[in-house]
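> sequence first, then the predicted structure:
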Amino acid sequence: MNNFHVLGFAGSLRVRSYNRGLLEKASEILPEGLVLEIMELNDIPLYNDDQPKDNLPEALKEFREKITGADALLIASPEYNYSITGVLKNALDWASSNTFGNIMKGKIVAIMGASRGLFGTTRGQLHLRQVLHAIDARPLSRPEIFVRKAGDLFDDSGHLVDTATIEKIKELLTALLETLKAK
């Protein structure tokens with residue numbers, strides 16, 4: 001069986017982001033058949049519809065190429081002010097612009113998120129799902145992973161240690177694999 005290539009990124013620029021920690025844990029527990037490449041969003045410029053198509057910044061070209069080449073995406077999104085981060089929204093705008101071409105159309109997307117708050121990323125993920133719907137992506141509906149009180153679930157080195165959350169990530173990765181197989 002060939003491996004499916006999944007591109008993962010966190011909607012946070014923090015070095016020790018809980019959401020980056022979720023991605024790192026996912027990379028350690030992948031089911032056979034999935035390969036995860038984690039990409040940073042740090043160098044993607046702010047969206048500008050006037051950007052010449054033939055002169056995109058290298059980081060942006062690489063981002064769009066990696067999305068195009070991926071079988072699916074794994075997004076780990078924090079929640080800022082009841083929504084997704086500007087960093088994540090900006091990246092998705094670059095990936096779905098009419099001007100530059102919507103490379104998100106039909107792309108399968110698995111979602112998870114961690115926050116220090118009591119609601120995890122419930123509200124932010126609702127907004128993320130709205131954005132993904134608008135750009136014609138295909139987010140998985142289940143399982144939902146809203147990691148709350150994340151500070152209690154990661155060790156001092158930033159590694160996820162909560163077994164229940166790790167099991168939920170395994171379920172999400174398995175659902176992603178099954179969706180890709182059925183495609």
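Happy to help now that I have it. This structure is a prediction, so every number in the text was calculated from the model and none was measured. Residues are numbered from 1 along each chain as shown.
> how about the strands in this protein?
Along the chain, the segments classed as strands by DSSP state E run 4-10, 34-38, 72-76, 108-114, 138-139, 146-147.
> tell me where this protein has helices.
Taking DSSP state H, the helices of the chain run over residues 18-28, 58-69, 86-96, 122-134, 163-182.
> now the strands of the chain in TSV, with distance to residue 50 and mean neighbour count?
(C-beta placed from N, C-alpha, C; glycine too.) Formatted as TSV, the strands of the chain follow (distance: least, C-beta to C-beta, whole Å; neighbours: other C-beta atoms under 10 Å):
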stretch	distance to residue 50	mean neighbour count
strand 4-10	25	23
strand 34-38	30	17
strand 72-76	27	26
strand 108-114	28	25
strand 138-139	30	17
strand 146-147	37	23
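> what residues are up against residue 130?
Going by C-beta atoms under 8 Å, 6 or more residues apart in numbering, residue 130 touches no other residue.
> wait, I meant residue 171
residue 143.
> so which of the strands of the chain gets nearest residue 94?
Counting by C-beta to C-beta, residue 94 lies closest to strand 4-10 out of the strands of the chain; the figure is 12.1 Å.
> run the chain-centre distance for that closest one.
7 Å (C-alpha atoms, centre = their mean, to the nearest Å).
> ok, back up a step: wait, which of the helices of the chain is closest to residue 45?
Per C-beta to C-beta, nearest to residue 45 of these: helix 58-69, 6.5 Å.
> now that closest one against strand 72-76, angle please.
Interaxial angle, helix 58-69 versus strand 72-76 (axes from the mean of the first three to the mean of the last three C-alpha atoms, to 10 degrees): 120 degrees.
> check which helices and strands helix 58-69 sits against.
Helix 58-69 sits against strand 4-10, helix 86-96, with contacts defined as 3 or more C-beta pairs under 8 Å, 6 or more residues apart in numbering; DSSP states H and E.
> excluding chain neighbours, what is closest to residue 118?
Distances taken as C-beta to C-beta, 6 or more residues apart in numbering put residue 148 closest to residue 118, at 5.7 Å, once the chain neighbours are dropped.
> would you confirm that that neighbour contacts residue 117?
Yes - the pair formed by residue 148 and residue 117 meets the contact definition of C-beta atoms under 8 Å, at 6.4 Å.
> quick one: residues in contact with stretch 28-39.
1, 3-9, 20, 23-24, 26-27, 63, 66, 70, 74, 166, 169-170, 173-174, 176-177, 180-181.
> filter these down to the buried ones, ChimeraX style.
This is how ChimeraX selects the buried members of the contacts of stretch 28-39, with burial counted by 16 or more other C-beta atoms under 10 Å:
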select :4,6,7,8,9,20,23,24,26,27,63,66,70,74,166,169,170,173,176,177,180
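> please name the residues that touch the most centrally placed residue in the chain.
What sits nearest the mean C-alpha location of the chain, by C-alpha atoms, centre = their mean, is residue 75, with 1.0 Å. By C-beta under 8 Å, 6+ apart, the residues touching residue 75 are 8-11, 88, 109-112, 128.
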